[in-house]
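Chemist: Turn this into a structure:
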Amino acid sequence: NEPWMQIAPYYAYGGSETQSLDEANADAAVAYGAVAAGWNWNQAVSWTTGVRTGYNLTPNASFPDMAGLYAHYHADGFKVFHYLAGSTQCATGNPGTIGFEYPDAVQAKSYGADGLILDSCVISFSSNAVAQAEYQITQSAILTAFGKPIPFDVSISVTSPVNQYDQIDWASTVGGSTTWLYTAAGNSWANFLIQLDQNHGYESYVRPGYYHTIPSLATGQGGSGTTDDEGLSNMALVAVEASPMLNGIDFTGTIGWGAPSQATLTTIENTELIAALKDPLSLTHGRVSQVSCGSANCECYTRPLANGAFMWVGFNRASTTQTVSCSWSSDSQTGPYTHTMDMVANWLGPWKSATAYVTGNMVWDNSSGTWKRYVALANNTNKAPNSNPSDWAVLPIGTWHDSLGTLTSGYSASVPTQGVWAIKVAP
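Modeler: Got it, this is the predicted structure:
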């Protein structure tokens, strides 16, 4: 009952995705600390030949052992989504699952899957009733095959003549743990913003176990065309929207983008943003204000967190640096907030020494063989990673730090183009 954080190697490798590459990417994600930080789901998309042997989908030669792949994922600490396509016209060439919902669910279970993705791709449902019936058939097949509810990730085809917004009314009721996803957006910043806007107005459907997916990108890597500021905005906006995260980073560094950069790791392993994403309330108020600024808009987003806290994000869509101001009253919050924290300040990049490896603010301690969460103490004035233990403290996630002082009625800060500020506040 929390939004999942999923490594999605197809976003990195496309049609070049193979079992061996997916396994290497999973191993590298573990080595970089991504799994320890919370990226604990994985998948494989390009696994079928596009034909069936009897009732079963036939894996292609690049995925010779699907059960072995899923076992490898499990050994690395991941849970696994099994990918099914609803249409024969999907980019992967997968045969449609329509008409084969139950045998496909049985096959997924036999491989060791923990969740199921149903990608609508370019299906044109003739009505909402027909679309709803298909997803309910798949849900029933899952329950029968697995004997219990499992995470069910449903995509909604925007190429369908059916009004995509109407579909949310029923997509948000399918299954016991369900997401719904618009398939129009590809792996680009512009399309991420399209999906962010498409989900606006439907925040009330989000609740524990039911989420809308606003895909994350190959954050900070060249293949996605995103800047470091856009990557951080991606993480913060997805977190404040209580959306599951998709991560298309090539952790192996084999496809020309190179290994994840310091800025990329700092962003994707920001444990304050991740803790907010996984907050047990699983609620969001989404975008609560939008004003013209520069060449575009400046926007404010918020969500309630446990123990009376709130997360706020100020987002600058303009092409130049802007001051983004958010008022508590835009969400009927009153303040003042005496507990305040900058969620993205003083974040660390990857750093290695003979005894420790720092990535984000997760530190691998060779002596204990565990990951720990470190933050710089005040005496480490430049906040730079170093090997002096007196400059660091181990803090549990959620500890208040980097205080902004008492905030009475709102918060303002200068933000670069396509950038964000992100804060946590409480009375």
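Chemist: Now do the contacts for the residue nearest to residue 335 when sequence neighbours are not counted.
Modeler: Of all residues not flanking residue 335 in the chain, residue 328 sits nearest, at 4.7 Å (C-beta to C-beta, 6 or more residues apart in numbering). The way it works is simple: take the backbone N, C-alpha and C, and place the C-beta from them, glycine included. Residue 328 makes contacts with 334-335, 337, 409-410, as judged by C-beta atoms under 8 Å, 6 or more residues apart in numbering.
Chemist: Just the buried residues of those.
Modeler: The neighbour-count test (16 or more other C-beta atoms under 10 Å) marks 335, 337, 410 as buried among the contacts of residue 328.
Chemist: How many neighbouring residues does the nearest residue to residue 293 once chain neighbours are set aside have?
Modeler: Sequence neighbours aside, residue 322 is the residue nearest to residue 293 in space, at 4.6 Å (criterion: C-beta to C-beta, 6+ apart). Neighbour count for residue 322, taken as other C-beta atoms under 10 Å: 23.
Chemist: ok, what's across the strand from residue 322?
Modeler: Counting by DSSP bridges, residue 322 is bridged to residue 415.
Chemist: Sort the buried ones among the contacts of residue 328 by pLDDT and name the bottom one.
Modeler: On pLDDT alone, residue 335 ranks lowest of those, at 90.
Chemist: ok, it touching residue 411?
Modeler: No. Taking contacts as C-beta atoms under 8 Å, residue 335 lies outside contact range of residue 411: 9.9 Å.
Chemist: Tell me the residues that contact both of the two, please.
Modeler: Between them, residue 335 and residue 411 share these contacting residues under C-beta under 8 Å, 6+ apart: residue 425.
Chemist: which stretches of the stretch 251-400 of the chain have low pLDDT?
Modeler: Confidence mapping of the stretch 251-400 of the chain against pLDDT under 70 gives the ranges 256-257, 262, 346-399.
Chemist: In its sheet, which strands sit next to the host helix or strand of residue 300, and in what direction?
Modeler: Element membership of residue 300, judged by DSSP states H and E, is strand 296-304. For strand 296-304, the paired strands and their directions (DSSP bridges) read strand 286-293 (antiparallel), strand 310-316 (antiparallel).
Chemist: Would you mind extracting the C-alpha trace of it into CSV?
Modeler: Provided in CSV are the C-alpha atoms of strand 296-304 (Å, rounded to 0.1, in the frame of the first residue of the first chain):
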residue,chain,number,x,y,z
ALA,A,296,5.6,30.4,-18.5
ASN,A,297,4.1,29.5,-15.0
CYS,A,298,5.3,29.0,-11.5
GLU,A,299,3.4,26.4,-9.6
CYS,A,300,2.9,25.1,-6.1
TYR,A,301,2.2,21.5,-5.1
THR,A,302,1.5,20.0,-1.7
ARG,A,303,0.5,16.7,0.0
PRO,A,304,-0.3,15.8,3.6
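Chemist: who's in contact with that strand?
Modeler: With contact meaning C-beta under 8 Å, 6+ apart, strand 296-304 is reached by 237, 240-242, 276, 279, 281, 283-292, 310-319, 322, 324-327, 330-331, 333, 415.
Chemist: what bits of the stretch 1-150 of the chain have low per-residue confidence?
Modeler: 87-95, 120-129, 131-132.
Chemist: That one: helices as residue ranges?
Modeler: 9-13, 19-31, 34-37, 66-75, 101-111, 128-146 (DSSP state H, counting those that start in this stretch).
Chemist: Dump the ones you listed to CSV, plus distance to residue 85 and mean neighbour count.
Modeler: Converted to CSV, these look like this (distance: least, C-beta to C-beta, whole Å; neighbours: other C-beta atoms under 10 Å):
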stretch, distance to residue 85, mean neighbour count
helix 9-13, 12, 24
helix 19-31, 17, 20
helix 34-37, 27, 22
helix 66-75, 15, 18
helix 101-111, 10, 20
helix 128-146, 12, 18
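Chemist: so what's the backbone phi/psi at residue 417?
Modeler: Main-chain dihedrals, residue 417, degrees, to the nearest 10: phi -60, psi 130.
Chemist: the residue most distant from the middle of the chain, which is it?
Modeler: residue 54 (35.8 Å; C-alpha atoms, centre = their mean).
Chemist: Quick check: the gap between that residue and residue 107.
Modeler: Distance, residue 54 to residue 107, using C-beta to C-beta, to the nearest Å: 11 Å.
Chemist: now residue 135
Modeler: Separation of residue 135 from residue 107 (C-beta to C-beta): 19 Å.
Chemist: What about the buried ones among the contacts of residue 328, which are in strands?
Modeler: The strands, defined by DSSP state E, take in residue 410 from these.
Chemist: What is the nearest of the contacts of residue 328 to residue 400?
Modeler: In terms of C-beta to C-beta, no member of these lies closer to residue 400 than residue 337, at 11.2 Å.
Chemist: Can you verify my assumption that that closest one contacts residue 425?
Modeler: Yes. Counting by C-beta under 8 Å, residue 337 touches residue 425, with 3.7 Å between them.
Chemist: neighbours of residue 298, just the number please.
Modeler: Residues near residue 298, counting by other C-beta under 10 Å, number 21.
Chemist: so what's it bridging to?
Modeler: residue 291, residue 316.
Chemist: Over to residue 211?
Modeler: In beta-bridge terms (that is, DSSP bridges), residue 211 pairs with residue 179.
Chemist: What is the burial count for residue 408?
Modeler: For residue 408, the neighbour count with other C-beta under 10 Å is 12.
Chemist: Also the one 10 residues further on?
Modeler: Residue 418 has 21 neighbouring residues, counting by other C-beta under 10 Å.
Chemist: what residues are up against it?
Modeler: With contacts defined as C-beta under 8 Å, 6+ apart, residue 418 is in contact with 189, 227, 229-230, 233, 316-317.
Chemist: ok so, going back, can I assume the residue nearest to residue 293 is in contact with residue 292?
Modeler: No. Residue 322 sits out of contact with residue 292 when judged by C-beta under 8 Å, with a separation of 10.3 Å.
Chemist: all strands in the stretch 201-350 of the chain, in order from the N-terminus.
Modeler: Ranges of strands in the stretch 201-350 of the chain, per DSSP state E, counting those that start in this stretch, are 210-213, 245-247, 286-293, 296-304, 310-316, 322-327, 339-342.
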